[in-house]
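1. Here is a sequence with its predicted model. Questions after.
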Amino acid sequence: MLHSFLNILATIISVASLLIVTYGALIGILSFLGNEIKRFTGNYSTTNIRKLRATFGTYLLLGLEFLIASDILKTVLEPSLNELGILGGIVIIRTILSVFLNKEIKQLESENIEN
């Protein structure tokens, strides 16, 4: 019974991750299109693009964190050496992505504060 619950929980977390990234992408697309429309009225701003990148990056980062949690739960369900190796590789790759994405978000936010 616990096995079934954890499996369902891992699936829910994976779906939540996909929803978060999809929602962030939708916001990003709408913001991008809105900013591009402003080109015709002369109100286009590169600052808006930096804000958009920081916002979208935040959603991607949150989605990655949820995926890591889901992968950990799935590995708890099947704790073979092979699964642990795969989990380790996935966590390392996603952590590296998270670090660099977080660094870029902070840089973009500091640029927005200066402007």
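-> Happy to help now that I have it. In this text the structure is predicted, and so the values were computed from the model without any measurement.
2. Distance-wise, check the residue minimising distance to the centre of the chain relative to residue 16.
-> Nearest residue to the geometric centre of the chain (C-alpha atoms, centre = their mean): residue 60, 1.6 Å. Between residue 60 and residue 16 the distance is 14 Å, computed by C-beta to C-beta, to the nearest Å. Quick note: C-beta positions are derived from backbone N, CA and C, even for glycine.
3. can I assume residue 10 is in contact with residue 74?
-> Yes - counting by C-beta atoms under 8 Å, residue 74 is a contact partner of residue 10 at 4.9 Å.
4. Show me what counts as buried in the one helix or strand the residue nearest to the centre of the chain maps to.
-> Element membership for residue 60 (DSSP states H and E) is helix 46-77. Buried residues in helix 46-77, counted by 16 or more other C-beta atoms under 10 Å: 48, 50-64, 66-71, 73-75.
5. helices or strands next to that helix in the packing?
-> Judged by 3 or more C-beta pairs under 8 Å, 6 or more residues apart in numbering; DSSP states H and E, helix 46-77 is in contact with helix 2-41, helix 81-114.
6. Residues contacting stretch 71-87, please?
-> By C-beta atoms under 8 Å, 6 or more residues apart in numbering, the surrounding residues in contact with stretch 71-87 are 3, 6, 7, 9, 10, 13, 90, 91.
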